[in-house]
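Colleague: 3D model of this:
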Amino acid sequence: MDWLDFDTDNCSVQRTLDVIGDRWSALVLREVFNGVRRFDQIKEHTGVSDSVLSDRLRKLVDADVLTAREYQEPGSRRRKEYRLTDAGLDLQPVLIAMLRWGDRHRADPAGPSVDIVHRDCGAPVRAVVVCDAGHAVAQRDVRAAPGPGAKKRS
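Modeller: All right, here's what the predicted structure looks like:
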């Protein structure tokens, strides 16, 4: 199979990047995964502007990655906090893989700034590639094959 014979217009990687492929969307997801769910807290912790944060939150809600829930502190107006949907939770291995890559290839000399650990035993968590038969797969043992939505280039 020659990969160049196939069209890339129907690419799931591109469709994923359309949703989470910019810096601020990934950082918003990082915050929500770490329990930071309110607009002002996300803004303060990331340094993102109001307009960019509003846009990214709307985009992530529209894509069903986050859901917005209203809350109200006594004496204050109603606000929204953001929670991961099932689609959002499915992105956790992606963020863990990005974190581990950064720890390995772009680490601060003092070491990682955060450790992702298993809540039950405290061991570090990592993303692994596993085939549907349950085998751990080495990076060099993966190949691309046309899927049912693949289209030959004309």
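
Colleague: quick one: contacts for the residue most central in space within the chain?
Modeller: By C-alpha atoms, centre = their mean, the chain has its centre lying nearest to residue 91, at 4.3 Å. Neighbouring residues of residue 91 by C-beta atoms under 8 Å, 6 or more residues apart in numbering: 20, 29, 65. The C-beta positions use only the backbone N, C-alpha and C, and glycine is treated the same way.

Colleague: pick the one among the residues you listed closest to residue 110.
Modeller: Set against residue 110, the nearest of those by C-beta to C-beta is residue 29 (24.7 Å).

Colleague: quick one, helices of this structure?
Modeller: Applying DSSP state H to the chain gives helices spanning 12-20, 23-33, 39-46, 50-62, 86-89, 92-105.

Colleague: looking at these, which is buried most?
Modeller: Ranked by mean neighbour count, the helices of the chain are led by helix 23-33 with a mean of 19 (mean count of other C-beta atoms under 10 Å).

Colleague: what's next to that helix, contact-wise?
Modeller: The contact list for helix 23-33 (C-beta under 8 Å, 6+ apart) reads 19-20, 37, 41-42, 45-46, 48, 52-53, 56-57, 59-60, 65-66, 82-84, 88, 91-92, 95, 98.

Colleague: give me the mean pLDDT for it.
Modeller: Helix 23-33 shows a mean pLDDT of 97.

Colleague: extract the C-alpha set from it and format it as PDB.
Modeller: Extracted as PDB, the C-alpha positions of helix 23-33 are listed here (Å, rounded to 0.1, in the frame of the first residue of the first chain):
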ATOM      1  CA  ARG A  23      -2.500  25.800  22.500                       C
ATOM      2  CA  TRP A  24      -5.300  27.300  24.600                       C
ATOM      3  CA  SER A  25      -7.700  24.500  24.000                       C
ATOM      4  CA  ALA A  26      -5.100  22.000  25.200                       C
ATOM      5  CA  LEU A  27      -4.300  24.100  28.300                       C
ATOM      6  CA  VAL A  28      -8.000  24.500  29.100                       C
ATOM      7  CA  LEU A  29      -8.400  20.700  29.000                       C
ATOM      8  CA  ARG A  30      -5.300  20.400  31.200                       C
ATOM      9  CA  GLU A  31      -6.900  22.600  33.800                       C
ATOM     10  CA  VAL A  32     -10.300  20.800  33.700                       C
ATOM     11  CA  PHE A  33      -8.500  17.400  34.000                       C
END
